[in-house]
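Visitor: Sequence and predicted model, in that order:
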Amino acid sequence: MSSTQRHYKWLKAELPRLEEEGVLDSASRERLAAHCTTRLNECTGNGFGGFFLTAMCVIGMLFITAGIVMLIAYNWHEFGKTMQIAIGMAPLVIAGILSVFTLVRLPTEGVKTMCFREASALLTACGIATSIAVISQIYQISGDIRDYMLVVLLLSLPHIYLFKSRALFIIFICE
């Protein structure tokens, strides 16, 4: 949190006391509270800058995930069945840990939280997709892409609401 944000939050918290002491009337307090709220929203990046930062976080996370998948896919035939299952479930476990951290430890507002929420939701959806694909490939479970995508999207649907994820919602709508 920047010092500017701290100052605006402090001022907003002090407004009721200032009104009680007669320093401010109620109309002035309301205008000042609205001004502080507006400035805090600008500081947290709820405008285009916040959207751009979130988009870059999502794109960066997708590139990192794709790179890891390519490295593992190159060496896939050298792993045993147990190791393949462990590798297939690892993204889901890592995403679960990141998701719990995001939901429990981070505040509910701000650009950083929004980036973590988007990344957690997408990583969890990718973990679900990877786990289903790996298990299906190892045990030769038949099916077509529509069935696969339906199962992945239905299992990912709660994450749209849990994380308030716009990117996952767009993916869900595009299917």
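Guide: Sure, I can see it. Numbers count the residues shown, from 1 in each chain.

Visitor: Is residue 22 within a helix or a strand, and which one?
Guide: According to DSSP states H and E, residue 22 maps onto no helix or strand at all.

Visitor: can you map out the helices along the protein?
Guide: 3-20, 26-44, 48-74, 81-105, 111-138, 145-163, 166-174 (DSSP state H).

Visitor: Quick check: which of the ones you listed has the most neighbours on average?
Guide: Highest mean neighbour count among those (mean count of other CB atoms under 10 Å): helix 111-138, with a mean of 20. Placement of C-beta: from N, CA and C, glycine included.

Visitor: quick one: average pLDDT of that one?
Guide: Over the span of helix 111-138, the pLDDT mean works out to 85.

Visitor: Off-centre distance for that helix?
Guide: 10 Å (CA atoms, centre = their mean, to the nearest Å).

Visitor: which helices and strands does that helix pack with?
Guide: If you count contacts as 3 or more CB pairs under 8 Å, 6 or more residues apart in numbering; DSSP states H and E, helix 111-138 packs onto helix 48-74, helix 81-105, helix 145-163, helix 166-174.

Visitor: export those to JSON lines and tack on distance to residue 20 and mean pLDDT?
Guide: Listed next are those as JSON lines, based on distance: least, CB to CB, whole Å; pLDDT from 0 to 100:
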{"stretch": "helix 48-74", "distance to residue 20": "35", "mean pLDDT": "80"}
{"stretch": "helix 81-105", "distance to residue 20": "35", "mean pLDDT": "88"}
{"stretch": "helix 145-163", "distance to residue 20": "40", "mean pLDDT": "89"}
{"stretch": "helix 166-174", "distance to residue 20": "41", "mean pLDDT": "84"}
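
Visitor: Same list, those, but as TSV with distance to residue 113 please.
Guide: Listed next are the helices and strands packed on helix 111-138 as TSV, based on distance: least, CB to CB, whole Å:
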stretch	distance to residue 113
helix 48-74	10
helix 81-105	8
helix 145-163	10
helix 166-174	13
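
Visitor: domain ranges for this protein?
Guide: The chain breaks down into these domains under automatic domain parsing: 3-44, 48-174.

Visitor: and the shortest one, how far out from the chain's middle?
Guide: When C-alpha coordinates are averaged (CA atoms, centre = their mean), domain 3-44 and its chain have centres 30 Å apart.
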